[in-house]
Structures are given as structure tokens and as C-alpha cells.
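> The following comprises the amino acid sequence and a computationally predicted model.
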Amino acid sequence: MLESYKKQFLRDGEVYLRVKARPSASRTMVKQVLADEEGEIIKIDVAAPAVKNKANLALINFLAKEFAIRRESVKIIGGAGDRFKLVKIVK
């Protein structure tokens with residue numbers, strides 16, 4: 001489901017993702033991509049609780065693995081304490 005974002009990342013060297021995270025899921029995975037008037041929102045289930053930044057760290061680890069990059073290249077730049085997040089991924 002993230003193929004178009006991966007292509008953009010390879011082409012431009014960075015990509016921004018609008019993510020709706022659902023913590024405390026049974027496993028971490030992309031559930032669906034939704035379209036709205038501002039673009040797309042990626043719904044991701046996260047297998048970590050929203051306690052002490054654990055869900056954010058699990059989301060960062062998941063995205064780093066999906067994009068085959070280091071964790072340090074994935075930054076939550078907006079909504080760290082919210083379900084809706086803006087994530088920047090750079091090379």
C-alpha cells in the first residue's frame with residue numbers, strides 16, 4: 001500500500017506521510033489508505049500502547065523497515081501526542 005510513497009521517496013529523497021495511528025493493535029501493519037480533500041491519510045495499526053512514547057517508537061521502527069532506512073531518518077514532525085501525525089522520511 002505504500003508503493004507510491006516509496007517511489008516518491010526514491011525519486012525525491014524525502015516524503016511526507018499523513019498517518020492515523022491506532023495503538024494497542026494485535027500487530028503493526030498498514031490497514032488502508034484514505035483520500036480526503038487534503039490528500040491521503042494512511043491508517044496504520046501499531047502493536048504498542050500509547051504510553052511513554054512506545055506507539056510512536058513502534059511506528060517509526062515500522063516505517064523505517066518498510067522504507068529500508070535507518071530509524072533516525074523517520075521523524076514525527078506533527079501530532080506526536082495525537083492519533084493523526086505528520087511524518088517526514090528523509091535519506
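Noted; the coordinates are in hand. For clarity, every value in this text was computed on a predicted model and none was experimentally measured.
> now the farthest one out in the protein, which residue is it?
The centre of the chain is farthest from one residue, E37, which by Cα atoms, centre = their mean lies 19.5 Å away.
> can you give me the helices in the chain?
With DSSP state H as the criterion, the chain has helices at 3-12, 54-67.
> Quick check: buried residues in the longest one?
Just to be clear, that refers to helix 54-67. 55-56, 58-60, 62-64, 66-67 (16 or more other Cβ atoms under 10 Å). Any C-beta I mention is one placed from the backbone N, CA and C, and that applies to glycine too.
> Can you list the neighbours in contact with it?
Counting contacts by Cβ atoms under 8 Å, 6 or more residues apart in numbering, the residues outside helix 54-67 that touch it are 2, 6, 9, 17, 19, 21, 23-24, 28, 44, 46-49, 70-71, 73-74, 76, 80, 85, 87, 89.
> Are any of those buried, and if so which?
The neighbour count (16+ other Cβ under 10 Å) marks 2, 9, 17, 19, 21, 23, 28, 44, 46-48, 73-74, 76, 85, 87, 89 as buried among the contacts of helix 54-67.
> quick one: S73 and D82, what's the gap?
Plainly put, S73 is 22 Å away from D82 if you go by Cβ to Cβ, to the nearest Å.
> Of the buried residues of helix 54-67, just say which sits nearest to V33.
Nearest to V33 among these, counting by Cβ to Cβ, is E66 at 13.3 Å.
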